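In: coords please:
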Amino acid sequence: MPSQPDEAPPPHEVAPDPAAVIAAFGLGGHVEEMTPVSGAWSNRVYKLSTGGAGYAVKQIRNPWGDPRWQERLDAAWTFEQRARAAGVAMPEPIPNPVDGGCLAWVDVLGGGSRVPVRVHAWVEGKPMRPGPVDRGVASWIGGTLATLHQLDVAVEDRTLFPVANTDNADRWPELVAAAERAGASWAADLRALESHTRVVAELARASALRADDEVMSHGDIDQKNIVMSADGPVLCDWDVAVPLVPRTELGDVAMSMAVWHELDVAREVIRAYRDGGGADTEIRPEDFGPTLTSSLDWLVLNVERTLGLRAVTEAEADLGTRLVPRLIAEMPAQVGAAVRVRDTLSV
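Out: Presented below is the predicted three-dimensional model:
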């Protein structure tokens, strides 16, 4: 059940003690093996074999420094269980037997500290490749998204979740100036993005006007979170479930499945969503405001890493160096696709 890593794990990270995981979640059996399988911005995943059963053990991080991250995770866990009850294909989540929550704090190997982990049943399969998905997967994704939105799960405490803002777009000249002072090879390309960042900010402000329409949803449906099992696609990584406007998530997911250029794939996602009972499928440019803001924020984070504008590990700096040219190159096409969406994604 590995997902494709998108972030280097911290150096010298110590793994959870597998025996402590078995005890904390009442898994039974004994430790045969626990091996790392993937890493991401907010977690590190291991495969735990216990003699007849396999589990995905996810060590949760808090890279945002959010003091309320456990409350946010609890809200995501509640939604995850609702989605599973509705028949959405996902790895079986294992609650801890003490309070029925998703999280338990366990010792690390060698002792000395405790880390938060959660556990799912292991799903044998292959991670989705990063390119455009086939029509069958696109159809499954559209129907799945319709199911999630029709649950109509209200947001009980909106303050738990982040709100998109235009801060990075607004300070773009400052960032460009820093890149030029540093002599970055891509500084001129960064400057050329300024008009695109203004469009992103405009779309984000227009999108914010529909915040009252939000419902809880998965929030991160893309190729890295889909595993192809023998029984078909399985949707993983529910920890960042968030409130979203359904039409906004639909547009984001459709273009993610299409990698922003195979528009027949995007239209298939929307068609299947509509056939599955999803409403409001007329995607508009402002629906990409949150998506493009998130992409812009990710670009800025990596620019700052590369320029030494924030404290980073060597692995994070190296990742930023690799990512920045690609992220700069992708932005114009994505903004252009968002602006033209009324013509290209009508079904």
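In: okay, CA-based contacts and neighbour counts for the rest of this
Out: Will do.
In: Any chance of the backbone angles for Val106?
Out: Here is the backbone geometry of Val106 (degrees, to the nearest 10): phi -130, psi 160.
In: now swap in Leu103 and tell me
Out: Residue torsions, per degrees, to the nearest 10, at Leu103 are phi -110, psi 150.
In: what about the closest residue to Val312 other than its chain neighbours, neighbour count?
Out: Excluding its sequence neighbours, the residue lying closest to Val312 (CA to CA, 6 or more residues apart in numbering) is Arg305, at 6.4 Å. When counting by other CA atoms under 10 Å, one arrives at 22 neighbours for Arg305.
In: Which of the three states applies to Val98?
Out: coil (DSSP: H, G, I helix; E, B strand; the rest coil).
In: Burial check on it, number of neighbours?
Out: For Val98, the neighbour count with other CA under 10 Å is 10.
In: any idea how far it is from Gly26?
Out: 10 Å (CA to CA, to the nearest Å).
In: ok, now which ones touch the residue nearest to Val312?
Out: By CA atoms under 8 Å, 6 or more residues apart in numbering, the contact set of Arg305 is 311-312, 316-317, 320.
In: how much space between the residue nearest to Val245 when sequence neighbours are not counted and Leu151?
Out: Among residues not flanking Val245 along the chain, Glu214 sits closest, at 4.2 Å (CA to CA, 6+ apart). Per CA to CA, Glu214 is found 12 Å from Leu151.
In: how about low-confidence regions in the stretch 1-150 of the chain?
Out: Counting by pLDDT under 70, the ranges of the stretch 1-150 of the chain that qualify are 1-13, 39-41, 63.
In: residue ranges of the helices in the chain, please?
Out: Assigned by DSSP state H, the helices in the chain fall at 18-25, 69-85, 135-150, 167-170, 172-181, 187-192, 194-207, 246-258, 263-275, 289-307, 314-339, 341-344.
In: Kindly compare burial across these and name the winner.
Out: Across the helices of the chain, averaging neighbours per residue (mean count of other CA atoms under 10 Å) puts helix 246-258 on top, at a mean of 25.
In: and it, what other elements does it pack with?
Out: Contact analysis of helix 246-258 by 3 or more CA pairs under 8 Å, 6 or more residues apart in numbering; DSSP states H and E lists helix 135-150, helix 263-275 as its packing neighbours.
In: Out of those, flag the one nearest Thr197.
Out: Between Thr197 and the helices and strands packed on helix 246-258, the shortest gap by CA to CA is with helix 263-275, which sits at 23.3 Å.
In: what's the angle from the closest one to helix 135-150?
Out: 40 degrees (axes from the mean of the first three to the mean of the last three CA atoms, to 10 degrees).
In: Would you mind listing the outside residues contacting helix 263-275?
Out: Against helix 263-275 from outside (CA under 8 Å, 6+ apart): 132-135, 138-146, 250, 253-258, 279, 281, 344-347.
In: rerun that using 6 Å as the cut-off
Out: By CA atoms under 6 Å, 6 or more residues apart in numbering, the surrounding residues in contact with helix 263-275 are 138-139, 142-143, 146, 254-255, 258, 345.
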